[in-house]
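Peer 1: Sequence and predicted structure below; questions after.
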Amino acid sequence: MAKFIDAHCHLQNISDISETLDVAGGLGIEKCICDATSPSDWSRVINLSIKYPAVRGCIGVHPWYIKDITPNWPTQMRETLAMNPDLMIGECGLDSHYPGPEQQLEIFCEQMLMAHELGRTIWIHCVGAWDKILNVINKNPAYSTTTIVLHGFYASPQILEQLIIHPNIYFSYSPRILQPNLKHATKIIQNTPLNKILVESDGTSPAVVIDVVNHIATIKSIASDKMADIIYNNTKGIL
Ligand SMILES: [Zn+2]
């Protein structure tokens, strides 16, 4: 039976987590990477990752929630990461549909620095700000050794071309790519190197990653089971 890992989800937002993980486990979904969004849900994610072996946690400050943070958040985040060596960083990033572009950038850069200094994988959310993300990564050569996951990845083939140059950037595809008529979806999946593809639910139903794997397999003309193995091993490699 094929095995899967949901590379980005928000299981902290549901109450029936045991049942959800049982269903997912029955389908071969071995692990779920659960991303926090602001200091208010860090402890919920950490507790889930302690209680359930199938949950791996990430903590971060999402650009939608920068209004919720207090000035000491970086200290609090560094201390929490130091106490929990298995925790990764996310979700963080930039979103042009939300206010405070300068503050978003400052908070994102702080988290990139933590990921680099502490050697933790970082999960990035980006909407309409690829130039800025590329700028942060390109102007800091040290980040070439940081493992970066672009979660819910969707961008033009031209942006993808600039991102795939970096050996440690992974592209995590969500159910969004299943939407018909999504302009660049087929092209960017065709152009994403096989060893850089991850899949995610970006929500509370990990089972959907199987549909995402099958869709990618069709586009790549690879058998579904083989595609599942490749993606599973890619994800294992960065945990
Ligand atoms: Zn998310």
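Peer 2: Happy to help now that I have it.

Peer 1: only C-alpha atoms for contact and neighbour calcs from this point on.
Peer 2: Fine.

Peer 1: Can you show me the strands along this protein?
Peer 2: Assigned strands in the chain, in chain order: 4-9, 29-35, 55-59, 88-95, 122-127, 148-150, 169-173, 197-199 (criterion: DSSP state E).

Peer 1: right, and these - which one's nearest Val45?
Peer 2: Comparing the strands of the chain by their distance to Val45 (CA to CA), the top pick is strand 55-59, with 5.8 Å.

Peer 1: Also compute the angle for the closest one relative to strand 88-95, please.
Peer 2: 50 degrees (axes from the mean of the first three to the mean of the last three CA atoms, to 10 degrees).

Peer 1: about what we covered before: now the strands of the chain as a markdown table including mean neighbour count and distance to Ile137?
Peer 2: Supplementary listing: the strands of the chain in a markdown table, determined by neighbours: other CA atoms under 10 Å; distance: least, CA to CA, whole Å:
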| stretch | mean neighbour count | distance to Ile137 |
| --- | --- | --- |
| strand 4-9 | 29 | 21 |
| strand 29-35 | 26 | 21 |
| strand 55-59 | 25 | 20 |
| strand 88-95 | 26 | 12 |
| strand 122-127 | 22 | 12 |
| strand 148-150 | 23 | 10 |
| strand 169-173 | 24 | 10 |
| strand 197-199 | 29 | 19 |
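
Peer 1: need the ones you listed in a markdown table with distance to Trp73 and mean pLDDT, can you?
Peer 2: Listed next are these as a markdown table, based on distance: least, CA to CA, whole Å; pLDDT from 0 to 100:
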| stretch | distance to Trp73 | mean pLDDT |
| --- | --- | --- |
| strand 4-9 | 22 | 98 |
| strand 29-35 | 17 | 98 |
| strand 55-59 | 11 | 98 |
| strand 88-95 | 13 | 98 |
| strand 122-127 | 17 | 98 |
| strand 148-150 | 21 | 98 |
| strand 169-173 | 26 | 98 |
| strand 197-199 | 29 | 98 |
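
Peer 1: would you list these in CSV and tack on distance to His215?
Peer 2: CSV is the format used below for the strands of the chain (distance: least, CA to CA, whole Å):
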stretch, distance to His215
strand 4-9, 14
strand 29-35, 17
strand 55-59, 25
strand 88-95, 25
strand 122-127, 22
strand 148-150, 19
strand 169-173, 10
strand 197-199, 11
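
Peer 1: Which one, of the ones you listed, ends up nearest to Lys236?
Peer 2: Comparing the strands of the chain by their distance to Lys236 (CA to CA), the top pick is strand 4-9, with 8.1 Å.

Peer 1: Select, out of the strands of the chain, the one closest to Asn72.
Peer 2: strand 55-59 (15.1 Å).
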